[in-house]
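[1] Here you go, sequence then predicted model.
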Amino acid sequence: MSKKLFIETLGCAMNSRDSEHMIAALEKEGYETTNDMPSADLILINTCSVREKPVAKLFSELGVFNKKKKEGAKIGVCGCTASHLGKEIIKRAPYVNFVLGARNVSKIRDVLHKEKAVEIDINYDESEFAFDDFRTSPYKAYINISIGCDKQCTYCIVPKTRGEEISIPDELIIREAQRAVDNGAKEIFLLGQNVNNYGRRFSSAEHEKVNFTELLRRLSKIEDLKRIRFTSPHPFHMDDAFIEEFANNPKICKSMHMPLQSGSTKVLKDMKRGYSKEWFLNRVDKLRAVCPDVSISTDIIVAFPGESDADFEETIDVMKQVKFDQIFSFKYSPRPETEAQHFENVVDPVVASERLSYLQALYTELLDEKSKTQLGKVYEVYFEDLNADGYVSGRTDNNLVVKVKGSEELLGEFRDVKITQIARTIYTGEIVG
Ligand code: SAH
Ligand code: SF4
Ligand code: F3S
């Protein structure tokens, strides 16, 4: 009988891909996944430490798992919090069997057999490791193109949890994409903390210089591959060649994530983002000039230390000018091992909450205005998910989520859909072709 694996994945798409890599490796150990934690023989939490709250939740969740797990079941803590807390986790929760950092995913089978193992070396190089294949979705394939991050954004813990940035050789990426397409995926989703810095450093100094724009060109030659998405590009590295390739390559989906973080050039400087408000707006203008239908999403941090009312107004100004299609917004959360945790002029938590609510309300107001104009439009939708309520959902090229009445025969198919109803970010439509 096979053993059961329960895996909880928090954080970003990279963690989702890491979980797939771990599931693939653990299949070799005879594990299959289950959604029922108490019946699992192995419980993994793939953690995120980008903000403080989820880290605090980890220990209460571990306590619950420990109480409810079946006798003899093992618990492993993986991912970014594993990287930064390391053996501290076993100190605080002694029943945890092993700790595996975000940069050490390939060692999952080793730590499984070493009681109280802690593998968290952020200099470990997995960039050429041949992971086995497991995919949650047969329709869309996540593919890592780099590991780690070389930026030093002063608020961010990621460079400390995932280490220095190393690009994965393009031939490995292309092979992985080809395999996914051979197995039926029509969309690939390229992952990295800073995808458009791709090619700056490979493990081997002899590797041919290939930048992100060139990687996109090479990948788009794969026959039967219909869609390419990626996250996250960095506004600093959005040069004209990249924006033009994005606009002109028909396989690249016309949805761009442009993480603004702040609209104030002063705050951006304190964050060490490397660009100004003007540069960001200039890149948006350039993008919209060559690609008028592009949808733009962003990440925003409010109440970074030293953010004045006037600085916050600059963020609001960018919001009004750009009218983002989607925002992910957060209150600044001080993180260990980052520069900003020592910054003075911390923003009052009440003011921080007010700013976040104001920003989110403005976003929905701008979005409602914009989405009204979508009613009646026809989009090509790639169907990926079967919903419980008799609907099937998918995404348009520019990343709108659209659902239609239907069943599994639509999965993995492209159809033209007319939008008949809009409820904020959920679009309902009917197939017209
Ligand atoms: N590499 C990506 C970001 C990864 S982290 C990029 O540069 O865009 C995802 C998002 O979490 C960031 O864009 C940022 O908005 C947010 N974030 C990171 N650290 C944070 C912190 N200390 N407090 C609040 N939000 C944070
Ligand atoms: Fe963090 Fe900045 Fe790297 Fe993004 S680019 S992961 S925000 S350090
Ligand atoms: Fe979180 Fe690590 Fe991703 S901190 S956002 S899981 S890189």
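    The structure has been received and is ready for your questions. Ligands and ions are numbered 1, 2, ... in the order given.
[2] is ligand 3 contacted by the worst-scoring helix or strand of the chain on mean pLDDT?
    Evaluated with mean pLDDT, DSSP states H and E, the helix-and-strand set of the chain has its lowest mean pLDDT in helix 52-68, which scores a mean of 92. No: applying C-beta under 6 Å from any ligand atom, one finds helix 52-68 separated from ligand 3 by no less than 8.1 Å. Any C-beta I mention is one placed from the backbone N, CA and C, and that applies to glycine too.
[3] could you give the angle of the helix or strand just after that helix to helix 52-68?
    Scanning forward in sequence from helix 52-68 by DSSP states H and E, the next helix or strand is strand 74-79. Computed by axes from the mean of the first three to the mean of the last three C-alpha atoms, to 10 degrees, the angle separating strand 74-79 from helix 52-68 equals 170 degrees.
[4] I'd like the next helix or strand past strand 74-79.
    Next in sequence after strand 74-79, counting helices and strands by DSSP H and E, comes helix 80-85.
[5] That following helix near ligand 2 at all?
    No: applying C-beta under 6 Å from any ligand atom, one finds helix 80-85 separated from ligand 2 by no less than 10.5 Å.
[6] before we move on, what about stretch 322-334?
    No: residues of stretch 322-334 contacting ligand 2 under C-beta under 6 Å from any ligand atom: none, with a closest distance of 11.3 Å.
[7] Which residues of the stretch 51-200 of the chain lie near ligand 2?
    Those residues of the stretch 51-200 of the chain that sit near ligand 2, judged by C-beta under 6 Å from any ligand atom, are 149, 151, 153, 156, 158-159, 193-194.
[8] what do you get if the cut-off is 8 Å, keeping everything else the same?
    Proximity of the stretch 51-200 of the chain to ligand 2 (C-beta under 8 Å from any ligand atom) is limited to residues 149-153, 155-159, 162, 193-194.
[9] Now tabulate these in JSON lines and tack on distance to ligand 1 and neighbour count.
    Listed next are those as JSON lines, based on distance: C-beta to the nearest ligand atom, whole Å; neighbours: other C-beta atoms under 10 Å:
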{"residue": "C149", "distance to ligand 1": "6", "neighbour count": "22"}
{"residue": "D150", "distance to ligand 1": "11", "neighbour count": "15"}
{"residue": "K151", "distance to ligand 1": "7", "neighbour count": "17"}
{"residue": "Q152", "distance to ligand 1": "11", "neighbour count": "12"}
{"residue": "C153", "distance to ligand 1": "7", "neighbour count": "22"}
{"residue": "Y155", "distance to ligand 1": "4", "neighbour count": "24"}
{"residue": "C156", "distance to ligand 1": "4", "neighbour count": "22"}
{"residue": "I157", "distance to ligand 1": "7", "neighbour count": "25"}
{"residue": "V158", "distance to ligand 1": "6", "neighbour count": "25"}
{"residue": "P159", "distance to ligand 1": "10", "neighbour count": "19"}
{"residue": "R162", "distance to ligand 1": "10", "neighbour count": "22"}
{"residue": "Q193", "distance to ligand 1": "4", "neighbour count": "22"}
{"residue": "N194", "distance to ligand 1": "6", "neighbour count": "20"}
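[10] wait, which of the residues you listed is closest to E52?
    Nearest to E52, judged by C-beta to C-beta, of those is I157 at 9.9 Å.
[11] How about that closest one: what's its closest non-neighbour residue?
    Using C-beta to C-beta, 6 or more residues apart in numbering and skipping the chain neighbours, the partner closest in space to I157 is R335 (4.2 Å).
[12] check contacts around that neighbour.
    Each residue near R335 by C-beta atoms under 8 Å, 6 or more residues apart in numbering is listed here: 49-52, 155-157, 341.
[13] ok, now D125?
    Applying C-beta under 8 Å, 6+ apart, we find D125 in contact with 166, 203.
[14] what does K3 give?
    The contact partners of K3, taken as C-beta under 8 Å, 6+ apart, are 29-32, 41-42.
[15] how about the residues of the stretch 301-433 of the chain near ligand 1?
    For the stretch 301-433 of the chain, the contact set with ligand 1 under C-beta under 8 Å from any ligand atom comprises 301, 328-335, 338, 340.
[16] quick one on the thing from earlier: so how do I select the buried members of the contacts of K3 in ChimeraX?
    Here the buried members of those are turned into a ChimeraX selection, burial being counted by 16 or more other C-beta atoms under 10 Å:
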select :31,41,42
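[17] quick one: which of the contacts of K3 sit in strands?
    Taking DSSP state E as the definition of strands, the contacts of K3 contribute 31-32, 42.
[18] Let me see the ranges of the helices in the stretch 251-400 of the chain.
    When assigned using DSSP state H, counting those that start in this stretch, the helices of the stretch 251-400 of the chain occupy the ranges 265-271, 277-290, 309-322, 349-372.
[19] Go through these and name the closest to ligand 3.
    Closest to ligand 3 of the helices of the stretch 251-400 of the chain is helix 265-271 (C-beta to the nearest ligand atom; 16.4 Å).
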